[in-house]
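>>> structure, please.
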Amino acid sequence: MERQKSLEEKLAQKGVTRRDFMKFCTLVSATMGLAPSFVPKVAEALTNPQRPPVVYLHFAECTGCTEAVLRTTYPWIDELLLETISVDYHETIMAAAGHSVEEVLHETVKKYEGKFICVVEGAIPTAENGIYGMIAGKTMLDIAKEVCPKALATICIGTCSSFGGVQAAAPNPTGAKGVADALGDLLKTPVVNVPGCPPNPINFVGTIVNYLLFGKLPELDDKKRPLFAYGKTVHDMCPRRSHFENGEFVEEWGSEEAKLGYCLYNLGCKGPETYNNCPKVKFNEGTSWPVQAGHPCIGCSEPDFWDSMSPFYEAL
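Numbers count the residues shown, from 1 in each chain. The predicted structure is shown next:
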């Protein structure tokens, strides 16, 4: 209770009321497909003093996934997520640099071996023993081999760490791969992919909450993605969707939103082959998402989408 009160006081200083916090917990619960009765339990999990240590690694990426999480606005990441998980190492938000930071990384991995969660952002270059990606004199590949197998689990945030992303697009001269693909049999601990370019922060938070709430990682699909977020196609949930009838697409005017436009399939929307909950959770506090704004889905949560889904403005 003391911790919950402390967190709520900090949120209040940011202008986030208890009602706002409970709305956020409701959103997390709904995203995870939990009954409304779980909302108080989600709130309790987010304020639980038992925080799992987290080592957050950056490899070949643009830091867009970190920015997406840091910019999530309900509630602010510095008061909620950093209070919920103990981020012991994260290059972007750490004040220190150089040797002192490297010491923190190695000390954390040694101290919490088998107990920490490793979050990875970015693909891993593997060509020529990984020389195309170096940090502190080590290849990203060697760092991943050293850290990831010692973690309780590895959460890959974004399509780059999940499947290789833009770095793995043809001709892929650096041999960039997702974490599971790059490490192969060396990685025997669980891997969860939370793809997207960037992914919706709520899917990352939901994955963490699932662990805090149930003591285990969420159920996954065959691509190691949480089913609560990637169990249905974008098209299945899209209010502007169409359906096949006699071999042709037919408009479905099932909602007021649908009446504002039409299905974007013929403009290249990859929603029928893309698994993500974008239409359900949206972005920017549930304000909008690409298709609602009139842009076709480009399939950014799918493996090799830069190659398999392009040209982006041509129908599948």
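>>> if you average pLDDT over stretch 108-119, what comes out?
Average pLDDT, stretch 108-119: 91.
>>> which outside residues touch it?
With contacts defined as CB atoms under 8 Å, 6 or more residues apart in numbering, stretch 108-119 is touched by 52-57, 85, 88-89, 146-148, 150-157, 208, 211. (C-beta placed from N, C-alpha, C; glycine too.)
>>> just want the phi and psi numbers for Phe312.
With angles defined as degrees, to the nearest 10, Phe312 shows backbone torsions of phi -70, psi -20.
>>> list buried residues within the contacts of stretch 108-119.
Neighbour-count burial (16 or more other CB atoms under 10 Å) is assigned, among the contacts of stretch 108-119, to 52-57, 85, 88-89, 147-148, 150-157, 208, 211.
>>> please narrow those to those residing in strands.
Within the buried ones among the contacts of stretch 108-119, residues falling in strands by DSSP state E are 53-57, 88-89, 153-157.
>>> tabulate those (TSV), appending distance to Lys282 and pLDDT.
Shown next, in TSV, are those (distance: CB to CB, whole Å; pLDDT from 0 to 100):
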residue	distance to Lys282	pLDDT
Pro53	32	83
Val54	26	84
Val55	30	88
Tyr56	25	88
Leu57	29	92
Asp88	32	63
Tyr89	31	64
Ala153	28	94
Thr154	27	96
Ile155	22	95
Cys156	23	97
Ile157	19	96
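>>> got JSON lines for these, with distance to Gly64 too?
Shown next, in JSON lines, are these (distance: CB to CB, whole Å):
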{"residue": "Pro53", "distance to Gly64": "25"}
{"residue": "Val54", "distance to Gly64": "19"}
{"residue": "Val55", "distance to Gly64": "20"}
{"residue": "Tyr56", "distance to Gly64": "14"}
{"residue": "Leu57", "distance to Gly64": "15"}
{"residue": "Asp88", "distance to Gly64": "23"}
{"residue": "Tyr89", "distance to Gly64": "20"}
{"residue": "Ala153", "distance to Gly64": "23"}
{"residue": "Thr154", "distance to Gly64": "19"}
{"residue": "Ile155", "distance to Gly64": "16"}
{"residue": "Cys156", "distance to Gly64": "14"}
{"residue": "Ile157", "distance to Gly64": "10"}
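>>> between the residues you listed, which is closest to Leu105?
Using CB to CB, Tyr89 comes nearest to Leu105 of these, at 4.9 Å.
>>> in the stretch 101-250 of the chain, where is pLDDT below threshold?
242-250 (pLDDT under 70).
>>> helices along that one, start to end?
Applying DSSP state H, counting those that start in this stretch to the stretch 101-250 of the chain gives helices spanning 140-147, 159-163, 179-183, 201-214, 227-230, 234-237.
>>> which of those helices sits closest to Thr287?
helix 201-214 (13.1 Å).
>>> which parts of the closest one are buried?
Buried-residue list, helix 201-214, by 16+ other CB under 10 Å: 201-213.
>>> tabulate the CA atom coordinates of that helix in PDB.
Output of helix 201-214 as PDB, limited to C-alpha atoms (Å, rounded to 0.1, in the frame of the first residue of the first chain):
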ATOM      1  CA  PRO A 201       4.000   0.600 -26.200                       C
ATOM      2  CA  ILE A 202       0.900  -1.000 -24.600                       C
ATOM      3  CA  ASN A 203       2.000  -4.400 -26.100                       C
ATOM      4  CA  PHE A 204       5.400  -4.200 -24.400                       C
ATOM      5  CA  VAL A 205       3.800  -3.100 -21.100                       C
ATOM      6  CA  GLY A 206       1.200  -5.900 -21.500                       C
ATOM      7  CA  THR A 207       4.000  -8.500 -21.800                       C
ATOM      8  CA  ILE A 208       5.700  -7.200 -18.700                       C
ATOM      9  CA  VAL A 209       2.300  -7.100 -16.800                       C
ATOM     10  CA  ASN A 210       1.600 -10.700 -17.800                       C
ATOM     11  CA  TYR A 211       4.800 -11.700 -16.100                       C
ATOM     12  CA  LEU A 212       4.100  -9.600 -13.000                       C
ATOM     13  CA  LEU A 213       0.600 -10.900 -12.800                       C
ATOM     14  CA  PHE A 214       0.900 -14.600 -13.600                       C
END
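>>> counting contacts, what elements does that helix pack onto?
In this structure, helix 201-214 makes packing contacts with helix 18-31, helix 39-46, helix 64-70, helix 81-84, strand 153-157, strand 191-194, helix 227-230, judged by 3 or more CB pairs under 8 Å, 6 or more residues apart in numbering; DSSP states H and E.
>>> for those, which has the smallest mean pLDDT value?
Of all those, helix 81-84 has the smallest average pLDDT, which comes to a mean of 58.
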